[in-house]
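Asks: give me the fold of what follows.
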Amino acid sequence: MTADTTDCDGWFEIGSTDGIVLVADSIAVDFETAATCTLTVTSLSDDGSTSSASFDVQITDYDEFDVSQPVDDNDDDNEIPEDASAGTTTNITASSSDADGTTNTVTYSIVSQTCNGAFSIDSSSGDVAVVSPSAIDYEVSTTCGITIRATSADGSTADSTFVVDITDVNDIAPQYASTDANPEVLEGTTSVETLVITDEDSIGTYTCTLTGDDSTLFTCVVTGSSATLAFQSGPDYEYPSDDDGDRKSGV
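Replies: Okay, the predicted model is just below:
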(Lines give C-alpha, C1' and ligand atoms only; values in the text may rest on other atoms or scores of the structure.)
Protein backbone atom coordinates (compact mmCIF):
# COMPACT_ATOMS: atom_id res chain seq x y z
CA MET A 1 0.00 0.00 0.00
CA THR A 2 1.22 3.48 -0.87
CA ALA A 3 -0.05 6.92 0.07
CA ASP A 4 -0.63 9.01 -3.05
CA THR A 5 -1.05 12.04 -0.75
CA THR A 6 2.56 12.73 0.25
CA ASP A 7 1.59 14.44 3.51
CA CYS A 8 -0.04 11.18 4.65
CA ASP A 9 3.10 9.03 4.35
CA GLY A 10 3.36 6.73 7.35
CA TRP A 11 -0.11 7.49 8.68
CA PHE A 12 -1.68 4.13 7.72
CA GLU A 13 -0.81 0.46 7.39
CA ILE A 14 -2.55 -2.54 5.85
CA GLY A 15 -2.79 -6.11 7.02
CA SER A 16 -0.95 -8.22 4.48
CA THR A 17 -3.43 -11.12 4.79
CA ASP A 18 -6.73 -9.53 5.86
CA GLY A 19 -6.44 -6.29 3.85
CA ILE A 20 -7.65 -4.14 6.77
CA VAL A 21 -6.26 -0.59 6.69
CA LEU A 22 -5.46 0.80 10.13
CA VAL A 23 -3.93 3.95 11.55
CA ALA A 24 -0.20 3.40 11.97
CA ASP A 25 0.76 6.70 13.61
CA SER A 26 -2.11 8.40 15.42
CA ILE A 27 0.06 11.33 16.46
CA ALA A 28 0.95 12.08 12.84
CA VAL A 29 -2.65 12.16 11.59
CA ASP A 30 -3.49 15.85 11.33
CA PHE A 31 -6.54 17.48 9.70
CA GLU A 32 -4.67 20.78 9.42
CA THR A 33 -1.97 18.99 7.34
CA ALA A 34 -4.26 16.97 5.06
CA ALA A 35 -8.04 16.68 5.18
CA THR A 36 -8.07 13.80 2.66
CA CYS A 37 -5.59 10.98 2.20
CA THR A 38 -5.61 8.99 -1.05
CA LEU A 39 -4.25 5.48 -0.58
CA THR A 40 -3.45 2.99 -3.35
CA VAL A 41 -3.79 -0.64 -2.31
CA THR A 42 -2.19 -3.36 -4.42
CA SER A 43 -3.19 -7.01 -4.05
CA LEU A 44 -0.83 -9.79 -5.12
CA SER A 45 -1.98 -13.29 -6.11
CA ASP A 46 0.02 -16.51 -5.72
CA ASP A 47 0.14 -16.69 -9.49
CA GLY A 48 2.03 -13.37 -9.61
CA SER A 49 -0.83 -11.25 -10.88
CA THR A 50 -1.60 -7.90 -9.23
CA SER A 51 -4.50 -5.53 -8.99
CA SER A 52 -4.59 -1.99 -7.58
CA ALA A 53 -7.32 0.35 -6.38
CA SER A 54 -7.31 3.80 -4.80
CA PHE A 55 -9.32 4.85 -1.77
CA ASP A 56 -9.87 8.24 -0.13
CA VAL A 57 -9.71 8.46 3.64
CA GLN A 58 -11.44 11.58 4.99
CA ILE A 59 -9.83 13.09 8.09
CA THR A 60 -12.23 14.89 10.44
CA ASP A 61 -11.15 17.87 12.49
CA TYR A 62 -10.74 17.70 16.24
CA ASP A 63 -10.96 20.81 18.44
CA GLU A 64 -7.43 20.76 19.79
CA PHE A 65 -6.55 24.47 19.73
CA ASP A 66 -7.97 27.52 21.54
CA VAL A 67 -8.05 31.06 20.22
CA SER A 68 -4.81 33.01 20.72
CA GLN A 69 -4.53 36.10 22.89
CA PRO A 70 -5.31 39.28 20.92
CA VAL A 71 -2.38 41.40 19.75
CA ASP A 72 -2.38 44.82 18.09
CA ASP A 73 -1.85 44.35 14.36
CA ASN A 74 -1.49 48.12 13.78
CA ASP A 75 2.05 49.48 14.25
CA ASP A 76 0.98 53.13 14.58
CA ASP A 77 0.90 54.83 18.00
CA ASN A 78 -2.34 54.30 19.91
CA GLU A 79 -2.95 58.02 20.36
CA ILE A 80 -5.87 60.38 19.75
CA PRO A 81 -6.61 64.03 20.67
CA GLU A 82 -9.24 64.67 23.31
CA ASP A 83 -11.48 66.33 20.69
CA ALA A 84 -11.47 63.29 18.38
CA SER A 85 -14.75 62.90 16.51
CA ALA A 86 -16.85 59.74 16.28
CA GLY A 87 -15.26 57.26 13.92
CA THR A 88 -11.68 58.34 14.63
CA THR A 89 -9.42 55.28 14.70
CA THR A 90 -7.35 54.54 17.79
CA ASN A 91 -4.79 52.68 15.64
CA ILE A 92 -5.68 49.48 17.49
CA THR A 93 -6.50 46.45 15.34
CA ALA A 94 -7.02 43.38 17.50
CA SER A 95 -5.82 40.18 15.85
CA SER A 96 -6.21 36.56 17.04
CA SER A 97 -6.29 33.16 15.42
CA ASP A 98 -7.45 29.61 16.08
CA ALA A 99 -5.16 26.95 14.61
CA ASP A 100 -8.00 24.41 14.22
CA GLY A 101 -8.93 23.63 10.64
CA THR A 102 -12.64 24.21 11.28
CA THR A 103 -14.76 26.13 13.83
CA ASN A 104 -11.96 28.70 13.80
CA THR A 105 -13.72 31.97 12.92
CA VAL A 106 -12.69 34.68 15.41
CA THR A 107 -14.83 37.64 16.49
CA TYR A 108 -13.96 40.55 18.76
CA SER A 109 -15.71 42.48 21.51
CA ILE A 110 -14.85 45.06 24.19
CA VAL A 111 -15.45 43.67 27.66
CA SER A 112 -14.37 46.77 29.62
CA GLN A 113 -12.88 50.23 29.14
CA THR A 114 -11.77 52.89 31.59
CA CYS A 115 -13.20 55.74 29.49
CA ASN A 116 -16.73 54.45 29.82
CA GLY A 117 -18.40 53.93 26.43
CA ALA A 118 -15.77 55.91 24.51
CA PHE A 119 -14.82 53.20 22.03
CA SER A 120 -16.33 50.46 19.90
CA ILE A 121 -14.76 47.57 18.00
CA ASP A 122 -15.58 46.02 14.65
CA SER A 123 -16.42 42.43 15.55
CA SER A 124 -14.87 41.08 12.34
CA SER A 125 -11.85 43.28 11.62
CA GLY A 126 -10.89 44.09 15.23
CA ASP A 127 -10.56 47.81 14.44
CA VAL A 128 -11.18 50.07 17.46
CA ALA A 129 -12.62 53.56 16.92
CA VAL A 130 -14.17 56.43 18.86
CA VAL A 131 -17.94 56.06 19.31
CA SER A 132 -18.65 58.58 22.10
CA PRO A 133 -16.40 61.69 21.91
CA SER A 134 -17.89 63.15 25.11
CA ALA A 135 -16.37 60.28 27.11
CA ILE A 136 -12.84 61.39 26.17
CA ASP A 137 -11.37 64.25 28.21
CA TYR A 138 -7.65 64.81 28.76
CA GLU A 139 -8.38 66.78 31.93
CA VAL A 140 -10.19 63.73 33.35
CA SER A 141 -7.80 61.02 32.14
CA THR A 142 -4.72 61.10 29.91
CA THR A 143 -5.09 57.41 28.99
CA CYS A 144 -7.93 55.00 28.29
CA GLY A 145 -7.57 51.26 28.89
CA ILE A 146 -9.53 48.87 26.66
CA THR A 147 -9.89 45.14 27.33
CA ILE A 148 -10.68 43.24 24.14
CA ARG A 149 -11.94 39.67 23.99
CA ALA A 150 -11.35 37.35 21.06
CA THR A 151 -13.91 34.55 20.74
CA SER A 152 -13.47 31.56 18.44
CA ALA A 153 -16.34 29.65 16.87
CA ASP A 154 -15.27 26.70 19.05
CA GLY A 155 -16.20 28.73 22.16
CA SER A 156 -12.69 29.46 23.40
CA THR A 157 -11.88 33.05 24.45
CA ALA A 158 -8.81 35.15 25.24
CA ASP A 159 -8.49 38.72 26.54
CA SER A 160 -5.87 41.47 26.16
CA THR A 161 -5.79 45.03 27.44
CA PHE A 162 -4.56 47.92 25.32
CA VAL A 163 -3.94 51.56 26.26
CA VAL A 164 -4.93 54.61 24.20
CA ASP A 165 -2.99 57.80 24.96
CA ILE A 166 -5.10 60.98 24.99
CA THR A 167 -3.39 64.20 23.91
CA ASP A 168 -4.40 67.60 25.22
CA VAL A 169 -6.26 70.20 23.17
CA ASN A 170 -6.41 73.86 24.16
CA ASP A 171 -10.16 73.78 24.71
CA ILE A 172 -10.64 75.41 28.14
CA ALA A 173 -10.48 79.17 28.62
CA PRO A 174 -7.97 80.29 31.26
CA GLN A 175 -9.24 81.94 34.44
CA TYR A 176 -7.64 84.72 36.44
CA ALA A 177 -7.99 85.81 40.04
CA SER A 178 -7.34 89.21 41.56
CA THR A 179 -6.42 89.80 45.20
CA ASP A 180 -8.32 93.11 45.10
CA ALA A 181 -11.10 93.89 42.64
CA ASN A 182 -10.95 97.59 43.56
CA PRO A 183 -7.31 98.42 44.22
CA GLU A 184 -6.19 101.87 45.31
CA VAL A 185 -2.91 103.35 44.12
CA LEU A 186 -0.99 106.46 45.12
CA GLU A 187 -0.78 109.19 42.52
CA GLY A 188 2.34 108.93 40.45
CA THR A 189 2.39 105.13 40.96
CA THR A 190 2.01 102.86 37.91
CA SER A 191 1.72 99.39 39.48
CA VAL A 192 -1.91 98.32 40.01
CA GLU A 193 -2.35 94.57 40.42
CA THR A 194 -0.84 91.18 39.62
CA LEU A 195 -3.39 88.61 38.46
CA VAL A 196 -2.87 84.86 38.89
CA ILE A 197 -3.80 82.83 35.78
CA THR A 198 -5.06 79.26 36.07
CA ASP A 199 -5.70 76.92 33.15
CA GLU A 200 -6.74 73.27 33.14
CA ASP A 201 -5.13 72.80 29.71
CA SER A 202 -1.49 71.75 29.60
CA ILE A 203 -0.78 73.59 26.34
CA GLY A 204 -1.24 77.10 24.95
CA THR A 205 0.09 80.57 25.62
CA TYR A 206 -1.54 83.56 27.30
CA THR A 207 -2.25 87.07 26.09
CA CYS A 208 -3.89 89.95 27.89
CA THR A 209 -6.61 92.12 26.31
CA LEU A 210 -7.99 95.15 28.12
CA THR A 211 -11.48 96.60 27.72
CA GLY A 212 -13.46 99.28 29.53
CA ASP A 213 -13.86 103.08 29.46
CA ASP A 214 -10.34 103.70 30.67
CA SER A 215 -8.52 100.71 29.17
CA THR A 216 -6.22 102.95 27.11
CA LEU A 217 -4.66 104.22 30.36
CA PHE A 218 -3.31 100.78 31.24
CA THR A 219 -0.89 98.15 30.13
CA CYS A 220 -1.08 94.41 30.80
CA VAL A 221 1.99 92.19 30.63
CA VAL A 222 1.80 88.39 30.88
CA THR A 223 4.71 86.54 32.44
CA GLY A 224 4.34 82.81 32.94
CA SER A 225 1.09 82.24 34.81
CA SER A 226 0.56 85.81 35.94
CA ALA A 227 -0.52 89.11 34.37
CA THR A 228 0.65 92.46 35.64
CA LEU A 229 -1.76 95.40 35.32
CA ALA A 230 -0.26 98.88 35.44
CA PHE A 231 -0.94 102.49 34.46
CA GLN A 232 0.97 103.57 31.39
CA SER A 233 1.93 106.64 33.40
CA GLY A 234 1.33 107.43 37.04
CA PRO A 235 -2.04 109.17 37.58
CA ASP A 236 -2.26 112.71 38.91
CA TYR A 237 -4.83 113.18 41.67
CA GLU A 238 -5.30 116.88 40.91
CA TYR A 239 -5.69 116.28 37.20
CA PRO A 240 -7.51 112.95 36.76
CA SER A 241 -7.33 111.38 33.31
CA ASP A 242 -10.09 108.78 33.70
CA ASP A 243 -13.13 109.04 31.42
CA ASP A 244 -15.51 110.78 33.83
CA GLY A 245 -12.94 112.53 35.98
CA ASP A 246 -14.00 110.84 39.23
CA ARG A 247 -10.50 109.42 39.85
CA LYS A 248 -11.88 105.90 39.37
CA SER A 249 -10.46 104.20 36.33
CA GLY A 250 -12.51 101.37 34.87
CA VAL A 251 -10.71 98.55 33.08
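
Asks: so how far is Val196 from Tyr176?
Replies: 7 Å (C-beta to C-beta, to the nearest Å). Every C-beta, even on glycine, is put in place using the N, C-alpha and C of the backbone.

Asks: now swap in Ile203 and tell me
Replies: 19 Å.

Asks: just give the closest residue to Ser109, not the sequence neighbours.
Replies: Arg149 (5.2 Å; C-beta to C-beta, 6 or more residues apart in numbering).

Asks: contact partners of the helix or strand containing the one you found?
Replies: Secondary structure assignment for Arg149, by DSSP states H and E: strand 143-152. Residues from elsewhere that reach strand 143-152 (C-beta atoms under 8 Å, 6 or more residues apart in numbering): 66-70, 90, 92, 94, 96, 98, 100, 103-115, 118-119, 121, 126, 128, 136, 157-166.

Asks: now that strand: buried residues?
Replies: Within strand 143-152, the residues scored as buried using 16 or more other C-beta atoms under 10 Å are Cys144, Ile146, Ile148, Arg149, Ala150, Thr151, Ser152.

Asks: show me what it pairs with in its sheet, parallel or antiparallel.
Replies: strand 106-113 (antiparallel), strand 157-167 (antiparallel) (DSSP bridges).

Asks: and those as CSV, adding mean pLDDT?
Replies: Listed next are these as CSV, based on pLDDT from 0 to 100:
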stretch, mean pLDDT
strand 106-113, 98
strand 157-167, 97
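
Asks: do you know which of these lies nearest Ser45?
Replies: Minimum separation from Ser45 across those (C-beta to C-beta) falls at strand 106-113, 54.3 Å.

Asks: give me the distance from the closest one to the chain's centre.
Replies: 12 Å (C-alpha atoms, centre = their mean, to the nearest Å).

Asks: do the same with stretch 176-188
Replies: Its chain's C-alpha centre and that of stretch 176-188 lie 50 Å apart, by C-alpha atoms, centre = their mean.

Asks: how about stretch 9-16?
Replies: 53 Å.

Asks: in that stretch, what counts as buried?
Replies: So for stretch 9-16, counting by 16+ other C-beta under 10 Å, buried means Trp11, Phe12, Ile14.

Asks: now the end-to-end length of it.
Replies: Stretch 9-16 has an end-to-end distance of 18 Å (C-alpha to C-alpha, to the nearest Å).

Asks: partner strands of the helix or strand harbouring Phe55 and their direction?
Replies: Phe55 is located in strand 50-58, with elements delineated by DSSP H and E. Under the criterion DSSP bridges, strand 50-58 sits next to strand 36-44 (antiparallel) in its sheet.
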